[in-house]
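[1] Got a predicted structure plus its sequence, pasted below:
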Amino acid sequence: MLAHINKQGFPLQSRSRCRHHVMDVIILYDVFTFNNWLDRRLQRNFISKIDGIMQELDAKDLHVLRILQRNSSVSAADIAEKVHLSVNACWRRIKRLQREVIEKQVANLNPVYFGIGLTAFVSVRTNHHSEAWLDQFSAGVSEIAEVVEFYRLSGETDYLLKVLTRDIADYDRVYKQIANNPG
């Protein structure tokens, strides 16, 4: 099964039936995605207060967090200049935010370096909703190295899988593995 691309180069949804479930596939090509919740809220000038948590964060804290979310290796001096604080005041804010708000600092790896050229989201619908079926399906899917995320959803789609592969041909191989999953 290969995904179809429309005239504008955007992916079209593909569908196939596999034993007891239906899989819809969306392929992404060079699409910029926002994975930065705070950044999106700041771009819209909208910060929601969830159980009063945001009350302790002022505009400078939020600006510091926005900078750190884009690049956590920026120096305190560079951040201080951007948010109009002294280096010491900025450093203290960063340390407080690291204790209270920032969970961890990570490195985003270049997928091309590892031969990853294609991201596909596979939505799975099934008529089977027993714990035994889920255990069997998730065990089978977890054995497929290219499936990097697996979510249980509500609504029309029951499960969503994020799949990283080299290209369409490699995706087709992975798709067949998912389709032949014992679940």
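    Arrived safely.
[2] Give me the phi and psi angles of residue 176.
    Dihedral pair for residue 176: phi -60, psi -40, per degrees, to the nearest 10.
[3] Can you check the pLDDT for it?
    Listed pLDDT for residue 176 reads 91.
[4] Could I get the full set of helices for this structure?
    Using DSSP state H, the helices of the chain run over 37-43, 59-70, 76-83, 87-100, 131-142, 168-179.
[5] List the buried residues for the fifth one?
    It stands for helix 131-142. Residues 133, 134, 137, 140, 141 are the ones in helix 131-142 that count as buried (16 or more other Cβ atoms under 10 Å). Heads up, the C-betas are built off the backbone N, CA and C, glycines and all.
[6] so how far is residue 157 from the last one?
    Distance, residue 141 to residue 157, by Cβ to Cβ, to the nearest Å: 15 Å.
[7] Could you do residue 73 as well?
    Here residue 73 is placed at a distance of 37 Å from residue 157 (Cβ to Cβ).
[8] ditto for residue 126
    Between residue 126 and residue 157 the distance is 10 Å, computed by Cβ to Cβ.
[9] next one: residue 88
    51 Å.
[10] These two: which has the busier surroundings?
    Shown here are residue 88 and residue 157; by other Cβ atoms under 10 Å, residue 157 has more neighbours (17 against 10).
[11] wait, isn't that one in contact with residue 125?
    Yes: if you go by Cβ atoms under 8 Å, residue 157 and residue 125 touch, sitting 5.8 Å apart.
[12] Tell me how many other residues crowd residue 147.
    By the criterion of other Cβ under 10 Å, residue 147 has 19 neighbours.
[13] what's the answer for residue 117, then?
    16.
[14] how about it, what does it touch?
    Shown in contact with residue 117 (Cβ atoms under 8 Å, 6 or more residues apart in numbering): 111, 165, 166, 167.
[15] Hmm, residue 118 and the last one touching each other?
    Yes: at 5.7 Å, residue 167 and residue 118 qualify as touching, with contact defined as Cβ under 8 Å.
[16] Which of the two has more residues huddled nearby?
    Neighbours per residue (other Cβ under 10 Å) separate residue 167 from residue 118, with residue 118 holding more: 20 against 11.
[17] Residue 133 versus the residue lying closest to residue 138 once chain neighbours are set aside, what's the distance?
    Once flanking residues are discounted, residue 138 sits nearest to residue 150: 6.5 Å by Cβ to Cβ, 6 or more residues apart in numbering. Applying Cβ to Cβ, one obtains 14 Å for the distance of residue 150 from residue 133.
[18] Who does residue 118 form a beta bridge with?
    Residue 118 has these beta-bridge partners by DSSP bridges: residue 165.
[19] ditto for the one 4 residues further on
    With DSSP bridges as the criterion, the beta-bridge partners of residue 122 are residue 25, residue 161.
[20] pretty sure it contacts residue 165?
    No: the criterion here is Cβ under 8 Å, and residue 122 misses it with residue 165 at 11.2 Å.
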